[in-house]
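*Asks:* how would this look folded up:
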Amino acid sequence: MIELYKKIEELKKYYNDFFNFDIVDSRKFIYNENIDNIDVRYNINIPYNECILIKNIEGDNKFNHLSFRKSSDIILISKNINGYKLDIIEMKSAITDNNINKLAYQLINGYLRIMTVLSPLHLDINKIDLYVSFYDDSSLTKNLSTLITPKQKRMKYDIDNWKQSQIY
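*Replies:* Alright, predicted model coming up:
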């Protein structure tokens with residue numbers, strides 16, 4: 001991963017600080033974010049020992065060739081047997097009726113942004129996992145009857161089915 005880190009570091013100078021990145025060398029790490037002047041701390045557990053964390057890739061003045069401005073919060077790149085794996089993560093304080101439709105677009109845009117960054121490296125990315133994490137303080141997931149039927153079905157999917165049905 002050190003070799004890939006150095007390659008990304010070399011590329012970063014061409015992207016005008018459009019993103020930040022670090023090496024994560026343990027199975028647990030803490031990600032801090034400031035949302036509406038509130039400091040949010042995420043404790044993240046990952047199933048592998050070493051990866052590269054790409055953050056701050058979201059923003060209005062970044063990647064203007066992509067039409068959708070919102071993006072995933074963090075992206076993890078890890079080595080697997082035949083190449084590399086991406087974990088694209090969107091973090092929300094809660095899932096609401098208003099933002100459920102936008103989640104798929106944020107994940108897709110996270111993918112497009114990271115592929116824009118990594119494409120000059122010609123990496124063999126053979127697995128991509130998409131995640132939405134949220135603090136379930138919303139009664140929305142407990143009271144599905146308040147939603148219209150298509151959204152009820154969407155909220156009932158488990159994550160694996162949700163990923164497949166939303167992205168493909």
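*Asks:* So for Asn80, what's the pLDDT?
*Replies:* We have a pLDDT of 86 for Asn80.
*Asks:* Could you do the one 4 residues further on as well?
*Replies:* The per-residue pLDDT reported for Tyr84 equals 91.
*Asks:* That one contacts Asn126, doesn't it?
*Replies:* Yes: when contacts are counted by C-beta atoms under 8 Å, Tyr84 is listed as touching Asn126 (7.3 Å). Bear in mind the C-beta positions are built from the backbone N, C-alpha and C, glycine included.
*Asks:* Which one of these two is surrounded by more residues?
*Replies:* Neighbours per residue, other C-beta atoms under 10 Å: of Tyr84 and Asn126, the larger number sits with Tyr84, 20 against 12.
*Asks:* any chance you could map the strands in this protein?
*Replies:* Ranges of strands within the chain are 20-24, 28-35, 38-45, 51-55, 74-80, 83-92, 125-134, based on DSSP state E.
*Asks:* Can you convert these into JSON lines and add a column each for distance to Arg113?
*Replies:* Output for the strands of the chain, formatted as JSON lines (distance: least, C-beta to C-beta, whole Å):
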{"stretch": "strand 20-24", "distance to Arg113": "13"}
{"stretch": "strand 28-35", "distance to Arg113": "17"}
{"stretch": "strand 38-45", "distance to Arg113": "20"}
{"stretch": "strand 51-55", "distance to Arg113": "9"}
{"stretch": "strand 74-80", "distance to Arg113": "8"}
{"stretch": "strand 83-92", "distance to Arg113": "10"}
{"stretch": "strand 125-134", "distance to Arg113": "13"}
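*Asks:* So which bits of the helix of greatest length in the chain are buried?
*Replies:* Scanning the chain for the longest helix, with DSSP state H as the assignment, gives helix 100-118. Going by neighbour count (16 or more other C-beta atoms under 10 Å), the buried part of helix 100-118 is 100, 103-104, 106-114, 116-118.
*Asks:* swap in stretch 23-32?
*Replies:* For stretch 23-32, by 16+ other C-beta under 10 Å, it's 24, 29, 31.
*Asks:* And those, which is closest to Asn80?
*Replies:* Nearest to Asn80 among the buried residues of stretch 23-32: Val24, at 15.6 Å, using C-beta to C-beta.
*Asks:* For that closest one, give me the pLDDT.
*Replies:* Looking at Val24, the pLDDT reads 80.
*Asks:* Kindly state the beta-bridge partners for it.
*Replies:* For Val24, the beta-bridge partners under DSSP bridges are Cys51.
*Asks:* mind listing what it touches?
*Replies:* 46, 50-53, 76 (C-beta atoms under 8 Å, 6 or more residues apart in numbering).
*Asks:* now with 7 Å?
*Replies:* 50-51, 53 (C-beta atoms under 7 Å, 6 or more residues apart in numbering).
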